[in-house]
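*Asks:* here is a sequence with its predicted model. Questions after.
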Amino acid sequence: MTEQDYLLAWAIYVVSALGCLLVWFQMTGWIWRWLREPLRLLVAVLLLTPTPVDPARELFAPAIAITAMDLLLKVGNNAWRAVADLAMYGLIAFGVWLAFAALRWPIERWWNARRAPAPTTAAEDEPTLREMMARDEGVHGDTRLDANGDRRLRIEPRL
């Protein structure tokens with residue numbers, strides 16, 4: 001394999017891995033954010049972690065592919081090195097993500113508290129369901145009918 005073939009293979013792999021990541025991002029878009037982000041990070045680490053195949057020539061290959069080929073085809077002895085690389089890059093990536101999440105969490109709480117809508121006085125002036133029922137019971141005992149004797153519409157309580 002020449003240098004050009006090696007670089008072309010890596011270019012094809014990186015483009016296809018980014019396509020797989022894009023599909024994974026679309027598939028996990030509906031999940032709760034604190035679960036979605038670690039899942040996306042895990043797949044990114046699995047797809048984008050390289051491992052040396054030939055240390056003398058400094059040739060690398062995707063760690064997940066080396067692990068799969070070594071375990072399924074029982075060729076070579078690079079599976080443990082690839083698993084170790086996956087674990088190391090995974091721990092580094094999750095450590096960085098945890099630090100980022102720990103910094104982001106109080107900032108988002110502060111920002112959401114700052115953007116919270118101010119309490120309106122119009123909502124406080126509206127009578128509650130209990131007050132309306134107490135007022136109507138004074139007029140007539142059946143609260144399902146209004147003052148004209150027609151059926152009343154359903155009244156939802158304020159939250």
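*Replies:* Received the coordinates, thanks. Since the model is a prediction, treat every value here as computed from it, not as a measurement.

*Asks:* phi and psi next, for A11.
*Replies:* The phi and psi torsions at A11 (degrees, to the nearest 10) take the values phi -60, psi -40.

*Asks:* how close does it sit to P52?
*Replies:* A11 sits at a distance of 19 Å from P52 (criterion: Cβ to Cβ, to the nearest Å). Backbone N, C-alpha and C define where each C-beta goes, glycine included.

*Asks:* settle it for me: which of those two has more neighbours?
*Replies:* A count of neighbours by other Cβ atoms under 10 Å puts P52 above the other of A11 and P52, at 17 against 10.

*Asks:* where's that one, which helix or strand?
*Replies:* P52 is part of strand 50-54 when elements are defined by DSSP states H and E.

*Asks:* got the CA positions of that strand in CSV?
*Replies:* Extracted in CSV, the C-alpha atoms of strand 50-54 (Å, rounded to 0.1, in the frame of the first residue of the first chain):
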residue,chain,number,x,y,z
PRO,A,50,-7.2,5.4,15.6
THR,A,51,-4.8,2.7,16.7
PRO,A,52,-1.3,1.8,15.4
VAL,A,53,-1.2,-1.3,13.2
ASP,A,54,2.5,-1.2,12.3
